[in-house]
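J.: Predicted model and sequence follow; I will ask about them next.
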Amino acid sequence: MTTEIINRGTEPPPSHVATTKPPSVGRGSDYAALSREVKQSGLLKRRPGYYSVKVGANLLLMAAGWTAFALIGQSWWQLVTAAFLAVMFTQTGFIGHDAGHGQIARSKRVNNLLGRVHADLLIGLSYGWWIAKHNRHHSYPNHVDRDPDIADGAIAFTEDHARVRRGPYAWLARHQAWLFFPMLLLEGLALHVAGVRAQFERDGTAGSRGAKLAGAGMLTAHLVGYVAALFLVLTPLQAVAFLAVHQGLFGLYMGCSFAPNHKGMPIFGKDDKIDFLRRQVLTSRNIRGGRFTDFALGGLNYQIEHHLFPSMPRPGLRHAQKLVRAFCARHGVAYHETGLVDSYAQVLRHLHAVGGPLRPELEY
């Protein structure tokens, strides 16, 4: 099953990517060796100064956006405010992501508090639900039936998922490459809905009972305050337009930040055995760029380093890249790095190939 899945819809590595040697039994020590190099470099140490400035500046900009919203009042210029707040919501989500991985503080309690404030209260996404889902993804990225990020849903990420679709879902899979970016406009709302639904689950999806109550309280405060602000300050039509632009661009930005990380990279079967280092490196894709790319993608452009060392503070990822890339070259492990635009092209080609069995009249 492994070879069959990996070869479907996966682009061959560019010429600058080293050929991957088949993983062998007992190679788990490779990660231990890399981990020692990274620890000795000091890149896993917390960066309280960086995050104090980052969190403070982000909160000020978020407050500035809502202050402008209140001062502008009933005006179609509020759609500009909506676009600005979409950017700030995503940047706030990146901080919640860092807190969820324990990158910000040494204390788990402090990290959880920061995560809940930034996710539940400030942008209305369930922190507890996301943590549970994201931890499963990090444990088995691009593993069928293990990684929730490639589970069968609106988008089919494997041919097996595409083949069993019928009716409207089959039509969607046939055209998913063309519809991918438009569908991202709904991603923000989908995340809100999933987070709210998790509060009513009894399987611990959103955390312990106390954590779930705290999250539910913050989510309720955000959603009530958000909707009230829109319809008290704006006309009904302007409020609906603001919500559509704000949530649409928020979802698009979030989706465009996460999509390049793993989509279109090798997919492994549920029972495939592969050591931790190769499991994380082979399924991840880095995005080339400078400081602006680091800011715009919240450090997720160093996806390989992040998956290998999820608790590493964001500023350390750029420096860790040199160590990881050199280590992979020495051990013959493919290290996939490309430009942002090309990463989207690879994702779309993969989605188009996955829907191929549903287009026999065109491709078979």
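T.: Perfect, I can see it now. If you're wondering where the values come from, they're calculated on a predicted model, not measured in any experiment. Numbers count the residues shown, from 1 in each chain.
J.: where are the low-confidence patches of the stretch 101-250 of the chain?
T.: 203-208 (pLDDT under 70).
J.: And the helices in it, which stretches?
T.: 108-116, 127-139, 159-163, 168-174, 176-184, 187-198, 209-233, 236-262 (DSSP state H, counting those that start in this stretch).
J.: Mean neighbour count and distance to Leu60 for those - can I get that in a markdown table?
T.: Heads up, the C-betas are built off the backbone N, CA and C, glycines and all. Formatted as a markdown table, the helices of the stretch 101-250 of the chain follow (neighbours: other Cβ atoms under 10 Å; distance: least, Cβ to Cβ, whole Å):
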| stretch | mean neighbour count | distance to Leu60 |
| --- | --- | --- |
| helix 108-116 | 17 | 16 |
| helix 127-139 | 19 | 22 |
| helix 159-163 | 19 | 44 |
| helix 168-174 | 17 | 41 |
| helix 176-184 | 17 | 28 |
| helix 187-198 | 19 | 23 |
| helix 209-233 | 16 | 19 |
| helix 236-262 | 20 | 19 |
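J.: Switch those helices over to JSON lines; also include distance to Lys54.
T.: Output for those, formatted as JSON lines (distance: least, Cβ to Cβ, whole Å):
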{"stretch": "helix 108-116", "distance to Lys54": "11"}
{"stretch": "helix 127-139", "distance to Lys54": "18"}
{"stretch": "helix 159-163", "distance to Lys54": "38"}
{"stretch": "helix 168-174", "distance to Lys54": "38"}
{"stretch": "helix 176-184", "distance to Lys54": "25"}
{"stretch": "helix 187-198", "distance to Lys54": "22"}
{"stretch": "helix 209-233", "distance to Lys54": "21"}
{"stretch": "helix 236-262", "distance to Lys54": "16"}
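J.: From Arg278, how far off is Gln321?
T.: 18 Å (Cβ to Cβ, to the nearest Å).
J.: of these two, who's got more company?
T.: More neighbours surround Arg278 than the other of Gln321 and Arg278, with 23 against 17 (other Cβ atoms under 10 Å).
J.: quick one, strands of this structure?
T.: 286-287, 337-338 (DSSP state E).
J.: so of those strands, which one's packed in deepest?
T.: Ranked by mean neighbour count under mean count of other Cβ atoms under 10 Å, the strands of the chain are led by strand 286-287, which reaches a mean of 23.
J.: circling back to that earlier point, tell me which of the helices of the stretch 101-250 of the chain lies nearest to Arg325.
T.: Among the helices of the stretch 101-250 of the chain, helix 236-262 comes nearest to Arg325, with 16.8 Å by Cβ to Cβ.
J.: if we can go back for a sec, nearest to Leu34, of the strands of the chain?
T.: strand 286-287 (15.7 Å).
J.: pLDDT (mean, whole number) over the closest one?
T.: Averaging pLDDT along strand 286-287 yields 98.
J.: What is that strand packed up against?
T.: Counting contacts by 3 or more Cβ pairs under 8 Å, 6 or more residues apart in numbering; DSSP states H and E, strand 286-287 packs against helix 303-308, strand 337-338.
J.: Tell me which of those is the most buried.
T.: The most buried one of the helices and strands packed on strand 286-287 (mean count of other Cβ under 10 Å) is helix 303-308, showing a mean of 25.
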